[in-house]
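Novice: Can you look at this prediction? I've put the sequence above it.
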Amino acid sequence: MTSYKIITKLNKLLNTQKTITILYILFALAAGVQSYFSPPKQFAEGDRYYTCYNNYVIFKNSSVHLSEGKDMYVPYPVEQGDLYKYTPTFALFFQAFGVWPDLVGLCLWDLLNALILLFAVYRLPWFSVREKNIMLLLMLPELMTSLQNEQSNGLIAGLLILAFGFMERGRLLAAALAIMASAFIKLFGIVGLSLFIFYPQRWKSTLYSVLAALILASAPLMVTSYTAYLEQLRSFVRMLGEDHSASYGFSVMGWLHSWFGVDGGKNIVLLAGMVLFLVPLIRFKNYGDRIFRLLHLTSILIWIVIFNHKAESPTFIIAMAGISIWYVTMSKTILNHVLLALAVVFTSLSPTDLFPAWLRHNVVIPYTLKAVPCIIIWCKIWWDAVRRPPLAKAS
């Protein structure tokens, strides 16, 4: 096949939704089937052997524990290889998957994560189909890492991107529901509420968000008593407190610890990160600039990963979604090309077999290299947002 035909086929691929949609469906199904048929494994030396899809089992068990009034946030070593660390609302939601045989439930769960992200990107305004397909292809390796670990991160990224698309179309209620749904899966999704500052009728957005939060918070009462639910919430808060001191993760805190020997100070780093995150929002005259708004969306998607002390490799589909949108949005400078290449190599590909195991275990993991390109790109996004001149006319 000549190079001209290859380029022609590639251009055709990048200009149609059908091929990318099929690709996402196939990858999601492959991840589910692979997880189901992989042999049991140990998650810690000397531990029991658990199914390769242990995270799915944890989510499934949590829905049963919620209905039975058992504490969801204590160890169940006979049943699963780790603690449940999500909200009671997510446990209720997961009953929709737990009722199926594991193979079916796994595939449905992975399909949901993949297709919500796909749908959210295709719902972004302004971008061409080609540009959206480039984003989705850049996200795919990280999405596969998340799917192979049965994680909810594709769903989180999709809901936050979807919320942005809803807000741009004036659908504030749908946006509030999407953001609060992400927050009731993983609490850091609440940062998405900062998007509302760019749009009119902020009081209405606030009201919708409070209403959505009340509905989602009270939903577990459909399957458990009020007293049992309060006990679950107390246990949840206790678990979060204990979990906070457990590790540094692939994060700014982990980078500071591994490169500079900084111990402790997680709250200080998080507070500093929050202050920096909010600084660009004082540029009130930029609120009408769609590029500025997109920069804030990408900042959210990366920030909630790099300032999460528990960030693991599968979490980085959220950050990579932000990087992909940032790259397509901004000018194609040499610096931006280099930063994207670093993210693809060290963030997306470092957990794969393309990296020798010794390199992963002795260099990439100890030196938090997976997070470093994301940290650098977030700093550039921050700098570009702070320095971006206001438009003469809102776009």
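Specialist: Everything's here; your move.
Novice: Keeping just the C-alphas, turn the helix or strand hosting Glu142 into PDB.
Specialist: Using DSSP states H and E, Glu142 falls within helix 129-148. Extracted in PDB, the C-alpha atoms of helix 129-148 (Å, rounded to 0.1, in the frame of the first residue of the first chain):
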ATOM      1  CA  VAL A 129     -15.300  15.800  13.900                       C
ATOM      2  CA  ARG A 130     -11.700  15.500  12.900                       C
ATOM      3  CA  GLU A 131     -10.500  17.400  16.000                       C
ATOM      4  CA  LYS A 132     -12.800  15.400  18.300                       C
ATOM      5  CA  ASN A 133     -11.500  12.100  16.800                       C
ATOM      6  CA  ILE A 134      -7.900  13.200  17.500                       C
ATOM      7  CA  MET A 135      -8.900  13.900  21.100                       C
ATOM      8  CA  LEU A 136     -10.500  10.500  21.400                       C
ATOM      9  CA  LEU A 137      -7.500   8.700  19.900                       C
ATOM     10  CA  LEU A 138      -5.200  10.500  22.300                       C
ATOM     11  CA  MET A 139      -7.400   9.400  25.200                       C
ATOM     12  CA  LEU A 140      -7.700   5.800  24.200                       C
ATOM     13  CA  PRO A 141      -4.500   4.300  25.700                       C
ATOM     14  CA  GLU A 142      -5.300   5.800  29.100                       C
ATOM     15  CA  LEU A 143      -8.900   4.900  28.800                       C
ATOM     16  CA  MET A 144      -7.900   1.300  28.200                       C
ATOM     17  CA  THR A 145      -5.700   1.300  31.400                       C
ATOM     18  CA  SER A 146      -8.800   2.500  33.400                       C
ATOM     19  CA  LEU A 147     -11.100   0.000  31.800                       C
ATOM     20  CA  GLN A 148      -8.700  -2.900  32.500                       C
END
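Novice: which strands and helices sit next to the next helix or strand after that helix?
Specialist: The C-terminal neighbour of helix 129-148 among helices and strands, as given by DSSP H and E, is helix 153-168. Judged by 3 or more Cβ pairs under 8 Å, 6 or more residues apart in numbering; DSSP states H and E, the packing partners of helix 153-168 are helix 102-122, helix 129-148, helix 172-183, helix 290-306, helix 316-329. The C-beta positions use only the backbone N, C-alpha and C, and glycine is treated the same way.
Novice: Contacts for stretch 306-315, please.
Specialist: Contact with stretch 306-315 is made by 145-146, 148-149, 151, 153, 188, 243-244, 246-254, 266, 269-270, 273-274, 305, 319, 351, 370-371, 374-375, 378, as judged by Cβ atoms under 8 Å, 6 or more residues apart in numbering.
Novice: out of the residues you listed, which are buried?
Specialist: The neighbour count (16 or more other Cβ atoms under 10 Å) marks 145-146, 148-149, 151, 153, 188, 247-254, 266, 269-270, 273, 305, 319, 351, 370-371, 374-375, 378 as buried among these.
Novice: Could you pull up phi and psi at Cys52?
Specialist: Torsion angles at Cys52 (phi, psi; degrees, to the nearest 10) stand at phi -70, psi -20.
Novice: Next, work out how far apart the nearest residue in space to Ala321 that is not next to it in sequence and Phe93 are.
Specialist: Among residues not flanking Ala321 along the chain, Ala157 sits closest, at 4.2 Å (Cβ to Cβ, 6 or more residues apart in numbering). Separation of Ala157 from Phe93 (Cβ to Cβ, to the nearest Å): 17 Å.
Novice: Those two - which one has more neighbours?
Specialist: Ala157 (33 against 20; other Cβ atoms under 10 Å).
Novice: need the contact list for the more buried one.
Specialist: Ala157 touches Leu117, Ala120, Met139, Leu301, Ile317, Ile318, Ala321, counting by Cβ under 8 Å, 6+ apart.
Novice: okay if I get the residues you listed as JSON lines plus neighbour count?
Specialist: Formatted as JSON lines, the contacts of Ala157 follow (neighbours: other Cβ atoms under 10 Å):
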{"residue": "Leu117", "neighbour count": "29"}
{"residue": "Ala120", "neighbour count": "23"}
{"residue": "Met139", "neighbour count": "27"}
{"residue": "Leu301", "neighbour count": "29"}
{"residue": "Ile317", "neighbour count": "31"}
{"residue": "Ile318", "neighbour count": "33"}
{"residue": "Ala321", "neighbour count": "31"}
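Novice: of all those residues, which comes closest to Ile291?
Specialist: Nearest to Ile291 among those, counting by Cβ to Cβ, is Leu301 at 15.7 Å.
Novice: wouldn't the closest one be in contact with Ser324 here?
Specialist: No. Leu301 lies out of contact with Ser324 (Cβ atoms under 8 Å); the separation is 9.3 Å.
Novice: Let me see the contact set for the residue nearest the centre of the chain.
Specialist: Against the mean C-alpha coordinate of the chain, by Cα atoms, centre = their mean, the closest residue is Ile318 at 3.2 Å. By Cβ under 8 Å, 6+ apart, the contact list for Ile318 reads Asn153, Ile156, Ala157, Leu160, Leu301, Ile302, Ile304, Val305.
Novice: Please name the nearest non-neighbouring residue to the fifth one.
Specialist: Spelled out, that is Leu301. For Leu301, ignoring the flanking residues on the chain, the nearest one in space by Cβ to Cβ, 6+ apart is Gly322 at 3.0 Å.
Novice: Which pLDDT does the model give that neighbour?
Specialist: Note for Gly322: predicted pLDDT of 97.
Novice: That one against His296, yeah?
Specialist: No. Between Gly322 and His296 there is no contact under Cβ under 8 Å: 10.3 Å.
Novice: thought Arg388 was touching Asn286?
Specialist: Yes. The pair Arg388 / Asn286 is scored as a contact, 6.0 Å apart, by Cβ under 8 Å.
Novice: which of those two has more neighbours?
Specialist: Asn286 (22 against 15).
Novice: Nearest residue to that one in space, please, no chain neighbours.
Specialist: Closest residue in space to Asn286, ignoring its immediate chain neighbours: Phe292 at 4.1 Å, by Cβ to Cβ, 6+ apart.
Novice: Kindly report the same for Ala31.
Specialist: Leu147 (3.7 Å).
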